[in-house]
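>>> Pasting a predicted model and its sequence here:
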Number of protein chains: 2
Amino acid sequence: MAAHAHTHATGSGWKQHVLASFAHEGFRAGGARAVVVELLAEQDCCLSAQEIFDRLRAGGRKVGIASVYRVLDQLAQMQLVQRVDVGGGVSRFEAAHPGGDHHHHLVCDDCGRVVAFEDERLEAELDRVGKSLGARVAAHDLVLHGACADCSQK
Amino acid sequence: MAAHAHTHATGSGWKQHVLASFAHEGFRAGGARAVVVELLAEQDCCLSAQEIFDRLRAGGRKVGIASVYRVLDQLAQMQLVQRVDVGGGVSRFEAAHPGGDHHHHLVCDDCGRVVAFEDERLEAELDRVGKSLGARVAAHDLVLHGACADCSQK
DNA sequence: CCCTCGATGATAACGGCTCTCACCAGGGCT
DNA sequence: AGCCCTGGTGAGAGCCGTTATCATCGAGGG
Ligand SMILES: [Mn+2]
Ligand SMILES: [Mn+2]
Ligand SMILES: [Zn+2]
Ligand SMILES: [Zn+2]
């Protein structure tokens, strides 16, 4: 696992999977949906609906904010994106890979930066706890708050 | 650990600690603050600001919603309450015990119920992960989503 | 081509939260 | 006890992310 440049965590594999899923569910091909999926596929970490809207507009695409929320909602219901709630009343969204790697976030309360991380043992513990509750846990939201590595050493 | 009735997780110990902290910080004694603390001390689990407001009003207390948020904000900054974000754009709050037990929540996406749980090993893993990031982690928010024990077995 | 119905986007509405500001009252002082 | 200053309070307006509405557009099967 040497030093190949960090390819986007969400390659075109995810995008293809999403488009196939939409087709399979009998959805029609719409411009807004395609372009939101396209943008999400290029990201390494979560974006808010407003950020998605702004970037698409900046790229000359005349999407409506309602369409952005609509598509994100559909994707979330189909388990194709993960809704990330870092507090502050804003939801963020990122591609969710079928059975694959997912990560969590540390939010720096000083500079606002969002740092992604993943940890195998932590996931195992989360699974164990879910089972011990007798519940069928479909997802877990985890956010660490504090001072990021940069902010904490000054 | 036999069957003694489940005493409130937040006895008067917490309340005393909070009042002492406020006095120590040079705050004046205000009616709204006292009554919000009082109510929080009686709870076993988290309440939203609106719920706190409604209950106080129902009890004949003429508090303002602004005061509720103000007090909750002060308490959160003094680390005397934990802000719990279970999604849906509503923050919930519960008493935080100095160095003691804290718990997390499972939210049933079917019936909306909120189930509290605590787990020592999970906390240890969370600590380890925080350290491995080089960050100074002050708090962590964890919410499990899925079907609760009742809803999952039908 | 046409026609139907899902998709889209401008806009209004909604709700949680925050801000503003005039009034209230704790408590140090005399 | 009475004053006064200042922090505490609460009604209401405002802010902002999200959701609902609805007229219009266009994908795609006939
Ligand atoms: Mn995880
Ligand atoms: Mn914990
Ligand atoms: Zn930082
Ligand atoms: Zn349930």
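It's in. Ligands and ions are numbered 1, 2, ... in the order given.
>>> Touching the worst-scoring helix or strand of chain A on mean pLDDT from outside, list them.
For chain A, counting by mean pLDDT, DSSP states H and E, helix A:149-152 ranks last in confidence among helices and strands (a mean of 87). Applying C-beta atoms under 8 Å, 6 or more residues apart in numbering or on different chains, the external contacts of helix A:149-152 come out as A:108, A:110-111, A:113, A:115, A:146, B:133-136. C-beta: built from backbone N, CA, C; applies to glycine.
>>> Show me where chain A dips below the pLDDT cut-off.
For chain A, applying pLDDT under 70 flags the ranges A:1-11, A:100.
>>> quick one, phi/psi of residue A:136?
The phi/psi pair for residue A:136 (degrees, to the nearest 10) reads phi -100, psi 100.
>>> typed the wrong thing, it's residue A:81
Phi and psi for residue A:81, reported as degrees, to the nearest 10, are phi -130, psi 160.
>>> Identify the residues contacting it.
Residue A:81 touches A:40, A:72, A:75, A:93-96, counting by C-beta under 8 Å, 6+ apart.
>>> Quick check: buried residues in the helix or strand containing residue A:128?
In this structure, residue A:128 sits in helix A:120-132 according to DSSP states H and E. Buried residues in helix A:120-132, counted by 16 or more other C-beta atoms under 10 Å in any protein chain shown: A:122-123, A:125-126, A:129-130.
>>> same for it, what does it pack against?
Counting contacts by 3 or more C-beta pairs under 8 Å, 6 or more residues apart in numbering or on different chains; DSSP states H and E, helix A:120-132 packs against strand A:136-147, helix B:120-132, strand B:136-147.
>>> Of these, which is nearest residue A:24?
Nearest of these to residue A:24, taken as C-beta to C-beta: strand A:136-147 at 20.9 Å.
>>> Please see if the least confident helix or strand of chain A touches ligand 3.
Yes: Helix A:149-152 reaches ligand 3 (C-beta under 5 Å from the ion) through residue A:151.
>>> That helix: how far from the chain's middle?
In terms of C-alpha atoms, centre = their mean, to the nearest Å, the centre of helix A:149-152 is set 24 Å apart from its chain centre.
>>> Stretch A:18-32 too?
19 Å.
>>> in chain A, which residue is closest to the centre?
residue A:94 (1.3 Å; C-alpha atoms, centre = their mean).
>>> Surely that one and residue A:41 touch.
No: look at residue A:94 against residue A:41 with C-beta atoms under 8 Å: they stay out of range, at 10.5 Å.
>>> which residues sit against stretch A:50-66?
Residues from elsewhere that reach stretch A:50-66, judged by C-beta under 8 Å, 6+ apart: A:31-32, A:35-36, A:39-40, A:47, A:49, A:68, A:72, A:90, A:93.
>>> Tell me how many other residues surround the closest residue to residue A:131 other than its chain neighbours.
With sequence-adjacent residues excluded and distances taken as C-beta to C-beta, 6 or more residues apart in numbering or on different chains, residue A:131 is closest to residue A:137, at 8.0 Å. With neighbours defined by other C-beta atoms under 10 Å in any protein chain shown, the count for residue A:137 comes to 18.
>>> give the contact list for residue A:137.
By C-beta under 8 Å, 6+ apart, the neighbours of residue A:137 are A:126-127, A:130-131, B:106, B:144-146.
>>> Can you name the residues bridging to it?
Bridge pairing for residue A:137 (DSSP bridges) gives the partners residue B:146.
>>> returning to that earlier point: which residues sit against the helix holding residue A:128?
Residues contacting helix A:120-132 (C-beta under 8 Å, 6+ apart): A:137, A:140, A:142, B:106, B:117, B:119, B:121-122, B:125-126, B:128-129, B:144, B:146.
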